[in-house]
Each structure stands twice: as C-alpha cells, then as structure tokens.
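Just a sequence and a predicted model for now, questions to come.
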Amino acid sequence: MFAIFAAASSTLSEATKDHLSTLLLMFLILLIGLVSKILNDKHVKETVDPKTAGRACPTPPGPIAWPVLGNLLQLGTKPHVTLTNWRSMYGDVYQMQMGSRPTVVLNGLETCRQALVKQAEDFAGRPAFYSFNFIGNGKSMGFCDFGTRWKYHRRIAQNGVAMFVNDRHNPIEEFIKAEAAFLVQKLNESNGEKFNPHNEIYYSVGNIICALCFGKRYRRDEPDFQQLVKMNEEFMAFAGAGNPVDIMPWTRWLTKRSFDKFIAILKTMDNFCLRKTKEHLDTYDDSLTRDITDFLIKTVRDTPQEEKDAAEITDEHIMTTVQEIIGAGFDTIATTLQWGVLLMTRYPEHQAKVRKEIDAIIGQERAPERSDIGTLPFTEACILETMRFSCIFPFALPHSTTRDTVLNGFFIPANTLVFVNQWSITRDESKFPDPEVFDPRRFLTDDGLALDKAKAELFLPYGAGRRRCPGEPLAKIEMFIFFVTLLQKCRFEPVVLNMSTESKYGLTLKPKDFEVYVKPRAL
Ligand code: HEM
C-alpha cells in the first residue's frame with residue numbers, strides 16, 4: 001500500500017498530495033485503531049475468567065479515547081495534574097487509554113490503600129513495558145512482574161539494604177554524617193555568590209549509595225563518578241509515565257535518538273557495575289562483607305543451585321540488584337533534598353524556625369545522628385511537607401493487575417495497566433487544605449508541639465503494600481541527617497523574589513533549576 005501511495009503521489013499536485021496524505025493518514029489511524037481494539041478485546045476475553053463474579057460489575061468510567069493514541073495527547077506536559085483533574089469528573093477509579101492500552105488510574109488515599117494493601121496481590125504486578133526489557137538487561141526486580149522470582153529477588157534486595165542500614169553501629173551512618181559535613185563545606189565554597197546546589201547535592205548523595213554498594217567514596221572530579229550521576233538523572237527523565245514507546249514499541253523508530261540514548265545509558269550503567277563486580281571478585285574475602293556487592297557475591301555463592309532453580313532466579317539477576325539500588329536510591333534522595341533547599345529558601349519563616357529548633361535540641365557543634373530522629377518535630381514536619389509538596393513519584397512505578405479483580409465496585413481484568421496517582425493523594429483538599437501551600441504545621445498536633453503520626457500516614461511517599469519501597473529505612477536516615485546538617489550549618493537566601501516551585505516532569509518530579517545564596521551560619 002505504501003508503494004502504491006508513493007508512486008501515485010509523484011504525479012499529483014502538492015495541494016492534492018497534502019489532502020491525500022491527510023486522508024491516508026486518517027485512514028491508517030482508524031485502521032490501526034480498529035485492529036488494536038479487536039486485539040485488545042480478544043486479550044480481555046482471554047484473560048477474564050468467565051466464572052469470575054466481578055464480570056457482572058461495570059468497567060470504570062473515563063474519558064473518550066482517540067484510536068491508536070488513546071488519551072495520550074490530552075495528558076499535556078503535566079500528566080499528574082491532568083489525571084488528578086479527571087478525578088473530579090470520573091471518580092477515584094477511572095479508565096483511560098494509553099495508546100490502545102486500557103489503563104486504570106487510582107486516586108485518593110482510601111482507594112490506593114484498598115488496592116495496594118487490602119487487595120495487595122491483585123495490584124502487585126508490573127506491566128510489560130517495552131523499556132523494562134532493557135533495564136538491568138531485563139533482569140531487574142523493581143521493573144519485573146509479580147511472581148516467585150520477584151518475591152525471592154525482592155528479599156535479596158531488602159536483606160542487602162537492611163544489612164548495612166539496620167544495625168545501630170553501622171558505618172553507613174558515619175558515612176552520611178561525614179558526607180553531609182563535606183556538602184556544607186562545598187556549599188560554603190560558593191563564597192556568598194549565587195549558586196545552584198544541584199550538582200553538589202547529587203555528588204554527596206551519590207557517594208552514600210556508592211559507599212553502600214561498592215564501599216568506595218569518590219572524588220567529585222572522577223569521570224566515572226560524574227558519569228554515574230549524569231546517567232541517573234537522564235534515566236529518570238526518560239522513564240516517566242506516559243512514554244509512548246512503552247505502550248507502542250513501534251514509536252521507538254520515531255523517537256530513535258532519545259531511545260538510543262536511553263539504551264546507551266543502561267549499557268554504561270551495566271558496564272560500570274560489571275567493572276565494580278570484577279574488582280570485588282579480585283579482592284573477595286568470604287569472611288568479610290564489605291558492601292552490597294560483596295553481599296550479592298556471597299548470595300550467589302552460598303545459594304544452592306536447586307534453590308535458585310526453584311525461584312527461577314539466575315546469578316545475573318542477583319548481581320543486577322546493585323544497579324537497582326543505585327538507580328532507585330540516589331536520584332530519589334538527591335531530588336528530595338534539592339526540594340528541601342528550595343522550599344526552605346522560598347519560605348524563610350519556616351527556615352528560621354527549623355534553625356531555632358536545631359540550635360535548641362542539638363546545638364551548633366554536634367553532628368545530627370539517627371538517634372535524633374523523633375526529637376525535632378518542626379524540622380521533621382518540614383521534611384514530611386517537602387515530600388508531600390514535591391511528590392517526587394507522582395505515579396509511583398507503574399503497576400498492573402495480576403488477576404481479574406473488583407475495586408470500588410468496578411471490574412478490572414488481569415494484566416491491566418494501573419497508575420497509582422500519588423499526586424491526587426497529596427493534592428486532596430479533604431486531607432490537606434490549601435494543598436498548593438507549603439505548610440509544615442499540617443503535620444503537627446493541634447498545639448504545634450509534636451509530630452502527629454496519624455497525619456504523616458495521610459500520604460504514601462514510599463508507596464504501600466507488596467511493592468512498598470525497600471529503601472525507606474535508608475532514605476529516612478539520609479534525609480534527616482542531610483537536611484538537619486544543612487540547616488544547622490548554613491543559611492539559604494533567595495536570589496529572586498517568589499522563587500518558582502514548579503517541577504519538571506519525569507519518573508521523578510524535579511524542581512526547575514534554581515540558585516540560592518548560601519551563607520555560613522556563623523555570619
Ligand atoms: C526519598 C527517597 C525515596 C522515595 C520517595 C522512594 C519511593 C519509592 C516508591 C514510591 C516506589 C514505588 C512503589 C510502587 O511501585 O508502588 C519505590 C520503589 C523502590 N524503591 Fe524507593 N524511594 C526512595 C529511596 C529509595 C532508596 C534509598 C532505595 C534503595 C536503597 C530504594 C529502592 C527502591 C526499589 C528497589 C524499589 C522497587 C521495589 C519493588 O518493585 O518491589 N528507594 N520507591
């Protein structure tokens with residue numbers, strides 16, 4: 001058909017050609033739409049168990065979708081805001097089309113909790129997104145579907161993190177304290193000139209994850225390290241929900257340059273970790289587990305082959321865990337800290353109150369530590385409010401249903417793509433009045449003297465249920481020590497009035513570039 005079109009068009013006028021092209025394009029879109037609808041109906045028929053009682057329930061309501069593209073074009077540059085606006089039209093559970101793929105969007109705390117916690121296994125899957133085939137060479141845990149292997153792999157990741165984070169006398173706390181002090185030193189080197197703290201924050205947080213994974217602290221100018229930091233950011237920018245290539249792999253050829261770049265980032269990351277594994281193998285001592293790479297090597301060696309076979313897990317899967325921890329445990333914390341600096345600068349009255357509290361409880365000399373968590377209510381409320389306000393994971397990671405299920409009275413077939421709309425939770429006026437206002441007091445008790453733990457449960461920054469973030473304990477210690485050290489030692493002042501708190505969309509929502517004046521506290 002394309003050949004006939006090409007031959008005919010060479011003999012026609014430009015205007016006629018334009019009309020014909022448009023007509024042909026519309027015809028093609030309709031045709032592809034029809035075919036994908038037929039395929040999709042067939043898929044739903046195949047996956048729905050006719051005995052399932054839920055089939056009698058209606059499917060969720062939702063916006064009308066275009067053929068082929070579905071609702072993709074309506075998402076705009078801020079899909080999290082669009083999908084949250086649709087909540088008021090269609091309710092807490094609605095269905096839209098990502099391309100030709102039906103996608104259920106879950107909104108609001110109660111509905112997300114119901115799905116992720118009370119119907120945990122039903123919603124614990126991951127979709128077979130095209131890009132996921134390339135992450136960790138397709139051997140990732142975080143991006144793999146729910147099942148025997150995922151359960152086993154997840155336990156390894158969780159144990160690896162716990163081994164270096166849970167122990168009260170663990171060196172990771174000392175690493176964090178030392179790196180936070182070094183960050184202060186680097187920020188102070190700006191000498192009162194306006195300064196974008198982005199890179200320094202990324203390098204410091206990157207060094208914590210490198211200490212955890214490879215037992216190594218990098219100099220900021222080491223090319224390997226700079227590349228790792230850059231790769232992580234680029235990965236997050238590419239992997240945001242709503243990427244057409246994940247739903248319609250053929251669009252890979254339309255966005256070839258950016259997709260090829262994505263593959264190159266993954267390859268570099270893979271090579272980096274392979275090099276580190278080799279270095280560890282050369283110096284490996286079974287009696288000493290220096291870091292997570294050693295822990296994984298030990299797991300590979302000590303796990304009987306029958307056990308690996310039963311869990312359908314290979315040595316490559318196990319070793320890929322280190323990439324997972326770097327990928328998930330670095331950009332998240334660095335981004336949240338960046339938001340912290342931005343919001344403290346934007347709201348000087350809250351910054352002053354945090355400093356006063358730190359001075360009163362910890363003082364100016366002693367470095368904050370893990371055991372101080374729980375003693376600084378206003379400061380901790382600021383960290384919580386930073387996480388609510390920034391909502392860095394607007395859709396968590398994409399989920400999918402593992403079986404036919406019914407949620408809030410709506411039938412959802414197995415293998416349906418599910419977005420957990422975290423943004424809708426953080427912007428829910430019934431839980432957070434004036435949600436666009438940064439107000440740490442919303443997490444305090446009515447007398448303002450203590451942190452209200454029940455209020456901290458009103459949003460899910462680390463997700464919930466089976467897929468809840470396994471790095472949460474590390475994230476909480478890191479966030480606390482970095483945030484408190486920065487405000488104990490520095491004063492942040494704005495370069496412009498009313499600094500923007502707009503975000504850039506990606507897998508994580510990042511603040512737009514900003515500059516601040518950093519003044520040492522003594523001045
Ligand atoms: C501020 C810091 C962090 C935040 C806000 C955060 C948040 C999240 C969220 C929302 C998810 C997705 C949950 C879901 O799919 O429903 C997740 C998954 C994950 N996180 Fe974190 N995270 C943070 C830090 C970390 C750290 C430090 C690590 C590792 C040391 C980590 C490792 C992971 C992994 C491996 C997954 C995938 C879990 C799975 O699919 O089973 N995260 N995180």
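Happy to help now that I have it.

So residue 407 versus residue 57, what's the distance?
Per CB to CB, to the nearest Å, residue 407 is found 9 Å from residue 57. For every residue, glycine as well, the C-beta is placed using N, CA and C.

And the helices in the stretch 301-450 of the chain?
305-311, 315-328, 331-346, 348-361, 377-390, 422-426 (DSSP state H, counting those that start in this stretch).

Among those helices, show me which one is buried the most.
Sort the helices of the stretch 301-450 of the chain by mean neighbour count, taking mean count of other CB atoms under 10 Å, and helix 422-426 sits at the top with a mean of 25.

Get me the contact residues on the stretch 151-300 of the chain for the ligand.
154, 157, 161 (CB under 6 Å from any ligand atom).

I'd like those residues as a markdown table, with neighbour count, secondary structure and pLDDT appended.
What follows is those, written out as a markdown table (neighbours: other CB atoms under 10 Å; DSSP: H, G, I helix; E, B strand; the rest coil; pLDDT from 0 to 100):
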| residue | neighbour count | secondary structure | pLDDT |
| --- | --- | --- | --- |
| 154 | 19 | helix | 98 |
| 157 | 22 | helix | 96 |
| 161 | 23 | helix | 93 |
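
before we move on, the earlier item: right, and the helices of the stretch 301-450 of the chain - which one's nearest residue 299?
helix 315-328 (5.6 Å; CB to CB).

In terms of secondary structure, what does the closest one contact?
helix 148-165, helix 198-214, helix 223-238, helix 256-282, helix 292-302 (3 or more CB pairs under 8 Å, 6 or more residues apart in numbering; DSSP states H and E).

Tell me what angle the fourth one forms with helix 315-328.
Here the directions of helix 256-282 and helix 315-328 differ by 110 degrees (axes from the mean of the first three to the mean of the last three CA atoms, to 10 degrees).

what residues are up against the residue lying closest to residue 402 once chain neighbours are set aside?
Of all residues not flanking residue 402 in the chain, residue 125 sits nearest, at 4.4 Å (CB to CB, 6 or more residues apart in numbering). Residue 125 is in contact with 145, 146, 399, 400, 401, 402, 415, counting by CB atoms under 8 Å, 6 or more residues apart in numbering.

Roughly how far does residue 125 sit from residue 398?
Separation of residue 125 from residue 398 (CB to CB) stands at 9 Å.

before we move on, the earlier item: out of the helices and strands packed on helix 315-328, which one sits most buried?
Scoring these by mean neighbour count under mean count of other CB under 10 Å gives helix 198-214 as the most buried, with a mean of 23.

who touches that helix?
161, 164, 172, 175-176, 179-180, 182-183, 186-187, 216-218, 220, 225, 228-229, 232-233, 276, 280, 291-293, 322, 325-326, 329-330, 333-334, 337-338, 341, 474, 478, 482, 513.

same thing but at 7 Å, please
With CB atoms under 7 Å, 6 or more residues apart in numbering as the test, helix 198-214 has contacts from 164, 172, 175-176, 179, 182-183, 186-187, 216-218, 220, 225, 228-229, 276, 291-293, 322, 325-326, 329-330, 333-334, 337-338, 478, 513.

re the thing from before, neighbour count: residue 407 and residue 57, which is higher?
Shown here are residue 407 and residue 57; by other CB atoms under 10 Å, residue 407 has more neighbours (23 against 16).

Perfect, that will be all.
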